[in-house]
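> Compute the structure for the input listed below.
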Amino acid sequence: MDSSHISDDLAAILVTEEQLASKTAELARQIEADYADAVEPDAKPPLLVGVLKGAVMVMADLARELRIHVEMDWMAVSSYGAGTKSSGVVRILKDLDSDLHGRHVLIVEDIIDSGLTLSWLRENLEARGAASVEICAMLRKPDAAKVEVDVKYIGFDIPNDFVVGYGLDFAERYRNLKDVAVLAKHIYE
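Numbers count the residues shown, from 1 in each chain. Reported below is the predicted structural model:
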C-alpha cells in the first residue's frame, strides 16, 4: 500500500520504501562480511530469527538480499497490547522450531522501542546454547529506551512517535504500508 492511498491517516513519512531498500542492502553487506569470518565452512549457516509479526517485511527483504546461505525461523513474543506503548510484559506466543545449540543466531526485528522485549529475547536465546546471538533491527527509538540493548546492525534511528508501515501496525492495520510513517493522532486517540 502506498502512503498516498491513506494520506489522511498519516502525520509524516519518516522512511521511504527506497531508503528501506538501500539500508537493507547496506546491512546485508555488513552481515555477509561478518558471518563469512564467524561461520566454519562445514557448520550450519547462520539462523535468522524473525520476530512476528512486525519483522516479516524486514526478514523477507534481508534474507533475499543476503548473498550467503541462511536458515530462517520465527518466534512470536509480545509486549504490546492494542495500545501505542510497550507494556513491558513479555509473553512467548510461538516458540522456535530450531535447536540453537552451537548456532550463530541473528535476531531480525522491525523496531526497538523500550528494548525490554529484545533484551529478554536475547537472554532467552543465549540460554539455549547459541554460539552467538546478534541483533539486526531496521528501526530504533533512542528516546524510548528503558534498557540498553547491544545492537550490531541498525537501520535508522527515529523519533519517539507512534509509527506504522513496513510490518509495524496499529490494531493489525498498516503493516503493508511500503514506507514507515507517523500515524496521525486522530486514528488512535
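> Distance of the residue of the chain positioned farthest from its centre relative to Gly165?
Within the chain, the residue lying farthest from the chain centre (Cα atoms, centre = their mean) is Asp42, at 28.5 Å. Going from Asp42 to Gly165 by Cβ to Cβ, to the nearest Å gives 41 Å. Bear in mind the C-beta positions are built from the backbone N, C-alpha and C, glycine included.
> quick one: pLDDT of the residue farthest from the centre of the chain?
pLDDT for Asp42: 73.
> need the contact list for the residue nearest the centre of the chain.
In the chain, the centroid-proximal residue (Cα atoms, centre = their mean) is Glu109; its distance is 1.3 Å. Glu109 makes contact with 51, 54-55, 58, 118, 135-138, according to Cβ atoms under 8 Å, 6 or more residues apart in numbering.
> could I get the residues you listed as TSV with pLDDT and distance to Val89?
Below are these laid out as TSV (pLDDT from 0 to 100; distance: Cβ to Cβ, whole Å):
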residue	pLDDT	distance to Val89
Val51	91	16
Gly54	91	17
Ala55	94	19
Val58	97	24
Leu118	90	14
Ile135	97	20
Cys136	98	24
Ala137	97	20
Met138	97	24
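> what about Asp110, helix or strand, and which?
strand 104-112 (DSSP states H and E).
> picking that back up, separation between the residue nearest to the residue nearest to the centre of the chain when sequence neighbours are not counted and Gly155?
Counting by Cβ to Cβ, 6 or more residues apart in numbering, Glu109 lies nearest to Ala137, which is 4.2 Å off, once chain neighbours are set aside. As judged by Cβ to Cβ, Ala137 and Gly155 stand 7 Å apart.
> Many thanks, have a good one.
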